[in-house]
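> predicted model and sequence below, questions to follow.
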Amino acid sequence: MKVTISFQHLEHTPSLDERIKEKSEKLKKYMEGKIHAKWNCYVEDHEHYAEIDLVGPKCEFHASAKSDSLYKSIDLVLSKLEKQIQKKNSKRKNKMHRKGEKPEILDYESAWMDYDEDKFQDVG
């Protein structure tokens, strides 16, 4: 996994680097192959923003979040990204399982054969 981190209007500290790399490693369990995570962290109007672009084989994800602390923003971004990845994986698995199934199609005549007029009253 390759991690690229850029800071704008922020001081680049080793503790932030470690935190981002540690959190990025958790994303490996969801994806296989070569993964590239591009982080962008910045401050605007006293709000701390964190954005991530995750590029992997056959997929791309993007998430961003803001809060009063950069550490909170990083956690929020990762929770959003994990939800996106889980949703895509569940859709892919459902599609795999539905592959052999075909919907049952009834013709017009057989659909009305079960209709019993005695059970329904004429309203009107």
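Sure thing, it's come through.
> show me where the protein has its helices.
14-25, 70-97, 108-111 (DSSP state H).
> possible to save those helices as TSV with distance to residue 42, mean neighbour count and mean pLDDT?
For every residue, glycine as well, the C-beta is placed using N, CA and C. Shown next, in TSV, are the helices of the chain (distance: least, C-beta to C-beta, whole Å; neighbours: other C-beta atoms under 10 Å; pLDDT from 0 to 100):
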stretch	distance to residue 42	mean neighbour count	mean pLDDT
helix 14-25	12	14	92
helix 70-97	9	15	89
helix 108-111	60	8	61
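> okay if I get those helices as CSV plus distance to residue 3?
Formatted as CSV, these follow (distance: least, C-beta to C-beta, whole Å):
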stretch, distance to residue 3
helix 14-25, 5
helix 70-97, 12
helix 108-111, 58
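> so which of those helices is nearest residue 33?
Closest approach to residue 33 among those is made by helix 70-97 (13.5 Å; C-beta to C-beta).
> by contact count, what packs against the closest one?
Packing partners of helix 70-97 (3 or more C-beta pairs under 8 Å, 6 or more residues apart in numbering; DSSP states H and E): helix 14-25, strand 36-44, strand 47-56, strand 59-67.
> same thing but 6 Å
Here helix 70-97 touches strand 47-56, strand 59-67, going by 3 or more C-beta pairs under 6 Å, 6 or more residues apart in numbering; DSSP states H and E.
> quick one: it to chain centroid distance?
Mean-position distance between helix 70-97 and its chain equals 3 Å (C-alpha atoms, centre = their mean, to the nearest Å).
> pull up the distance across stretch 43-60, start to finish.
Chord length of stretch 43-60, first to last residue, is 25 Å (C-alpha to C-alpha, to the nearest Å).
> list the buried residues of that stretch.
Of the residues in stretch 43-60, 48, 49, 50, 51, 52, 53, 54, 56 count as buried by neighbour count, 16 or more other C-beta atoms under 10 Å.
> quick one on the thing from earlier: identify whichever of the helices of the chain lies nearest to residue 4.
helix 14-25 (10.0 Å).
> what comes into contact with the closest one?
Under the contact criterion C-beta atoms under 6 Å, 6 or more residues apart in numbering, helix 14-25 has outside partners 3, 5, 37, 39, 78.
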